[in-house]
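K.L.:
I'll drop the sequence and a predicted model, then ask my questions.
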Amino acid sequence: MTLKEKLVYSVPEFDFKEFENDDDFIIICFFAIFIANNIHNADLSNRCADCVNWVYTTKHPEHEAILEQIALTLFDENLYEETFIALLTTDVQKHFEKSIAMWRQGSVQ
């Protein structure tokens, strides 16, 4: 299953086709914003978290950059919510924490 197939299957409300871009990373940038905009919807949050976990467990070729993009988008939008983070696997949570820590360290320097 590809990332696009996973998104269509799990989160059909996210219509990435409107962005007219086939690049997985660009699609994930928009998906991160979609997550942020829907973080208080429990059903969507669960399905979005499933997709984020899938990116990690399948070791998508760009999984590190994808996870970093999602973590930083949520953090930047002040939507780094514990309820959503709790839906992620421990490994994904650690990756998110590492991304944010690195961003904070870089923004201080």
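P.N.:
Great, that's in hand. Residues are numbered from 1 along each chain as shown.
K.L.:
Could you use CA atoms for every contact and neighbour count after this?
P.N.:
Noted.
K.L.:
Now the residue nearest the centre of the chain. Its backbone dihedrals?
P.N.:
Among the residues of the chain, the one closest to the centroid is residue 70, at 3.7 Å (CA atoms, centre = their mean). Dihedral pair for residue 70: phi -70, psi -50, per degrees, to the nearest 10.
K.L.:
List the buried residues in stretch 60-78.
P.N.:
63, 64, 66, 67, 68, 69, 70, 71, 72, 73, 74 (16 or more other CA atoms under 10 Å).
K.L.:
In terms of helices and strands, where is residue 80?
P.N.:
In this structure, residue 80 sits in neither a helix nor a strand according to DSSP states H and E.
K.L.:
Give me the nearest residue to the residue nearest to the centre of the chain, chain neighbours excluded.
P.N.:
Closest residue to residue 70 apart from its sequence neighbours, by CA to CA, 6 or more residues apart in numbering: residue 32 at 4.8 Å.
K.L.:
residues near that neighbour, how many?
P.N.:
Counted with other CA atoms under 10 Å, the neighbours of residue 32 add up to 21.
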